[in-house]
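Asks: A structural model of the following input is requested.
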Amino acid sequence: MKKLSPKGSMNDRIDTVLYKFRSRMRAYPPGMCPISLYRSLLQISMNQSCGKCIPCRDGLVEVDRMLQSIMAGSADETVVEKLTDMCQMIAKTSDCAIGISAAQLILDSLEQFPDEYESHVKEHHCITDVKQTIPCVTKCPAHVDVPGYIALIKEEDYAGAIKLIRARNPFPTACAYVCEHPCEKRCRRAIIDDPINIRGLKKYAVDSVKADTVENPKKNVSTGKKISIIGAGPSGLTAAYYLALMGHAVTIYDEHELPGGMLRYGIPEYRLPKEELEHDLKAVMSAGDIDFRGNTKVGKDITFDEIKGESDATYLAIGAQIGNRMPVDGADASNVIPAADFLQQVSRGDNPDLTGKRVAIIGGGNVAMDAARTAVRLKSETVHVFTRKRDDYTAVQEEIVDAMQEGVRFRTLLSFLNIETDKETGEAVAVWLQPEIVGEYDQNGMMTTEHSSNYPYRFKCDYLILAVGQKSDVATFEVAGVPTERGRIKADEECKVADSDGIFSGGDCVTGPSTVINAVAAGQVAAYNIDEYLGYHHKVNTFVDIPVALPNPCTPTGRAEIEMRDPYERKEGFDPVELPMTYEEAMREAGRCLRCDHHGCGVLKGGRGDE
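Replies: The predicted structure is shown next:
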């Protein structure tokens, strides 16, 4: 037998093993039994113990034994009580953070998942809705069949891929350009190398075959029912698409001239070109009996009662397009503007003159990044983004990196104080910021800050953009009796508006500002529940044959990224910043898919007695 020699030092080899283990943790599937997951984390801590103090050395072993009995279905309620007492004792008496954090971890699980513990003790199995699901499909809010359309792309059936995407999401093009791709967060390919570039493959499909050239599913016979939708954004249009395919007549009211909502009026041209968006919009509007009435503001051009009176059901999808202003002096100055208003102004072609000006932006979300990169393209001299803490950078990491490459400057640990205005012109001339220092983490794991002893910081600016959230225009609907809470329409998970009959609502006006794919998911849910409310149970069939899943050799392979234009070139205008994938890149990337829809996912065995 050939003798094997170790490669590298002991620490290097351990680091390699830990890196691979972290990859496994990154790819934990949705639907994992929480007790099983926490036991795995406990065992990691046990392996870190030095073994000197009894609470950690012996106590954690006893905790692991009790967790095993609970998972096996052989424990009673007294075991859970003993487990709680044991973890509290270990957390108080361990000599170092290993025992303390491990015990606290199990205490957290007892607090967060009491129903899971109860089910294992009383029913001797996981709660009924716990099952290992296909990670990418589960993490997609619209539950698009990701492995299916990747397999179709691999077979070069791009039209079939678009059809399959449309079964759950009528905006394949828009999402190919701007989706935050949550589907990649639990991709099991990460066990081997890196997650599949799912958004990149979707973009390759819509770049290869335009969405409006792919036929929609066949429309059902007319039902004679009429649904009114207020708002022509991604949520409203998604609901319209599926309801029209089901055979219902749909009328959409929107205050803008053209449909699209924030897809058209909120996302900059360099990220989502309007000509590309039109491919999705044409496909949606041709799905069935859809009547779009633009330049129609409810409460001004038509009353909500009139709309309800002529409808069998109504869907409110008004979004959250109004930017927030801070309640401070100077917030109404002519050179101070909410980020959402700024982006809509630019999208209409009414560009402010920022040539040679210093621009300051308060906030670190996706809208803030869009505003910052737009300001760069409007020839600003400098663009600075300020946030109070690092956690406030909630934008997609790629957007932050792209903004940095284009020259946007970032400052954190500075909280907003007030706006300084010129006494004669009334315009903002500076923003005052208070230096902060980091503090403890709160119960949600978010960093807290407190004021530093340093003096407030005065930043001179010529233009101030406030990216501090958005709100919905709900006043008209409140007057009409639609229940609201903190400026949002009250609706449940089925999009039914509380205390009302035949009124549904979803998207940003219910959840607050969110993502395109979340709005699409809400529109899809609303459409099917409106259909059920009307007494039907329609299904939208795509009739796409998904290729047979073959075993994957699991050979580690580099991930194909979407190539970007040079930062110095792309910041000169609003041309698209992303370049198309090549055929070779797309085929190789599609070939990396492990086809978790056929391999590796299934219902967990009840009782855990096989462990």
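
Asks: can you give me the helices for the stretch 51-200 of the chain?
Replies: 54, 60-72, 77-93, 97-112, 114-122, 135-139, 146-154, 158-166, 172-178, 198-208 (DSSP state H, counting those that start in this stretch).

Asks: check which helices and strands the second one sits against.
Replies: Secondary-structure packing of helix 60-72 (3 or more CB pairs under 8 Å, 6 or more residues apart in numbering; DSSP states H and E): helix 34-48, helix 77-93, helix 97-112, helix 114-122. Where you see a C-beta, it was placed from the backbone N, CA and C, and this is true even at glycine.

Asks: mean neighbour count, distance to Arg411 and mean pLDDT for these - can I get that in a markdown table?
Replies: Formatted as a markdown table, the helices and strands packed on helix 60-72 follow (neighbours: other CB atoms under 10 Å; distance: least, CB to CB, whole Å; pLDDT from 0 to 100):
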| stretch | mean neighbour count | distance to Arg411 | mean pLDDT |
| --- | --- | --- | --- |
| helix 34-48 | 16 | 36 | 90 |
| helix 77-93 | 16 | 38 | 95 |
| helix 97-112 | 18 | 32 | 93 |
| helix 114-122 | 17 | 43 | 92 |
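
Asks: to Thr425, which of those lies closest?
Replies: helix 97-112 (54.5 Å; CB to CB).

Asks: please identify the helix or strand for Ala360.
Replies: Per DSSP states H and E, Ala360 falls inside strand 358-362.

Asks: so what are the sheet partners of that strand and their directions?
Replies: Note on strand 358-362: by DSSP bridges, its sheet partners are strand 382-386 (parallel), strand 463-466 (parallel).

Asks: show me which of those strands has the highest average neighbour count.
Replies: strand 463-466 (a mean of 26; mean count of other CB atoms under 10 Å).

Asks: now that strand - C-alpha only, CSV.
Replies: The C-alpha trace of strand 463-466 is given here as CSV (Å, rounded to 0.1, in the frame of the first residue of the first chain):
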residue,chain,number,x,y,z
TYR,A,463,-27.3,68.0,-2.8
LEU,A,464,-28.7,65.7,-0.1
ILE,A,465,-30.5,62.4,-0.8
LEU,A,466,-32.5,60.7,2.0
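
Asks: other residues contacting it?
Replies: Strand 463-466 is contacted by residues 323-326, 331, 333, 335-339, 342, 352, 354, 357-363, 368, 371-372, 375, 380, 419, 428, 431 when judged by CB atoms under 8 Å, 6 or more residues apart in numbering.

Asks: and for stretch 263-281?
Replies: Outside stretch 263-281, the residues touching it (CB under 8 Å, 6+ apart) are 170-174, 177-178, 206, 210-212, 233-234, 237, 256, 258-260, 321, 340, 343-344, 346-348, 367, 370, 373-374, 377, 516, 570, 573-577.

Asks: buried subset of these?
Replies: 170-174, 177-178, 206, 210-212, 233-234, 237, 256, 258-260, 321, 340, 343-344, 346-347, 367, 370, 373-374, 377, 516, 570, 574, 576-577 (16 or more other CB atoms under 10 Å).

Asks: just checking, what packs against the following helix or strand past the strand holding Ala360?
Replies: Next helix or strand after strand 358-362 toward the C-terminus (DSSP H and E): helix 366-377. Packing contacts for helix 366-377, counted by 3+ CB pairs under 8 Å, 6+ apart, involve helix 339-347, strand 358-362, strand 382-386, helix 397-405, strand 463-466.

Asks: quick one: those as a markdown table, columns for mean pLDDT too.
Replies: Shown next, in a markdown table, are the helices and strands packed on helix 366-377 (pLDDT from 0 to 100):
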| stretch | mean pLDDT |
| --- | --- |
| helix 339-347 | 96 |
| strand 358-362 | 98 |
| strand 382-386 | 98 |
| helix 397-405 | 96 |
| strand 463-466 | 98 |
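
Asks: those: which one's closest to Thr542?
Replies: Once the helices and strands packed on helix 366-377 are compared by CB to CB, helix 397-405 is nearest, at 30.3 Å.

Asks: same list (the helices and strands packed on helix 60-72) but as JSON lines, adding distance to Pro147.
Replies: Below are the helices and strands packed on helix 60-72 laid out as JSON lines (distance: least, CB to CB, whole Å):
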{"stretch": "helix 34-48", "distance to Pro147": "23"}
{"stretch": "helix 77-93", "distance to Pro147": "38"}
{"stretch": "helix 97-112", "distance to Pro147": "30"}
{"stretch": "helix 114-122", "distance to Pro147": "28"}
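
Asks: of those helices, which is nearest Gln397?
Replies: Taking the helices and strands packed on helix 60-72 one by one with CB to CB, helix 34-48 is closest: 24.9 Å.

Asks: right, and the helix or strand after the closest one?
Replies: helix 54.

Asks: contacting residues for the residue lying closest to Lys185 once chain neighbours are set aside?
Replies: Spatial nearest neighbour of Lys185, chain neighbours left out: Lys139 (5.5 Å); criterion: CB to CB, 6 or more residues apart in numbering. Neighbouring residues of Lys139 by CB under 8 Å, 6+ apart: 30, 182-186.

Asks: Glu116 now?
Replies: Per CB under 8 Å, 6+ apart, neighbours of Glu116: 33-35, 126-127, 130.

Asks: of all the residues you listed, which two lie farthest apart?
Replies: Ile35 and Ile127 (10.6 Å).

Asks: closest to Ile150 among the contacts of Glu116?
Replies: Nearest member of the contacts of Glu116 to Ile150, counting by CB to CB, is Val130, at 26.5 Å.

Asks: for that closest one, grab the count of nearby residues.
Replies: Using other CB atoms under 10 Å, Val130 has 20 neighbouring residues.

Asks: ok, now Asn295?
Replies: Quick note: Asn295 (other CB under 10 Å) scores 11 neighbours.

Asks: and the nearest residue to it once chain neighbours are set aside, what pLDDT?
Replies: Excluding the flanking residues, the one nearest Asn295 by CB to CB, 6+ apart is Glu257, at 5.5 Å. Note for Glu257: predicted pLDDT of 96.

Asks: next one: Lys3
Replies: pLDDT, Lys3: 60.

Asks: pairing partners for the lengthiest strand in the chain, with directions?
Replies: When the chain is scanned for its longest strand (criterion: DSSP state E), the result is strand 428-441. Partners of strand 428-441 in the sheet, by DSSP bridges, are strand 414-421 (antiparallel), strand 447-451 (antiparallel), strand 457-460 (antiparallel).

Asks: buried sites along that strand?
Replies: 428-431, 433-434, 436.

Asks: and which of those is nearest to Asp12?
Replies: Using CB to CB, the buried residues of strand 428-441 come closest to Asp12 at Glu436, 38.6 Å.

Asks: pretty sure that closest one contacts Arg388?
Replies: Yes. Contact criterion CB atoms under 8 Å: Glu436 and Arg388 qualify, at 6.0 Å.

Asks: shared neighbours of those two, which are they?
Replies: Joint contacts of Glu436 and Arg388 (CB under 8 Å, 6+ apart) are 413-415, 449.

Asks: now for those residues: which two are most distant?
Replies: Maximum distance among the shared contacts of Glu436 and Arg388 (CB to CB): 9.8 Å, for Leu414 and Thr449.

Asks: name the residues contacting each of the two.
Replies: 388, 436.

Asks: picking up where we left off before, export the helices of the stretch 51-200 of the chain as TSV, with columns for distance to Gln48.
Replies: Below are the helices of the stretch 51-200 of the chain laid out as TSV (distance: least, CB to CB, whole Å):
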stretch	distance to Gln48
helix 54	16
helix 60-72	10
helix 77-93	14
helix 97-112	5
helix 114-122	25
helix 135-139	28
helix 146-154	36
helix 158-166	44
helix 172-178	42
helix 198-208	35
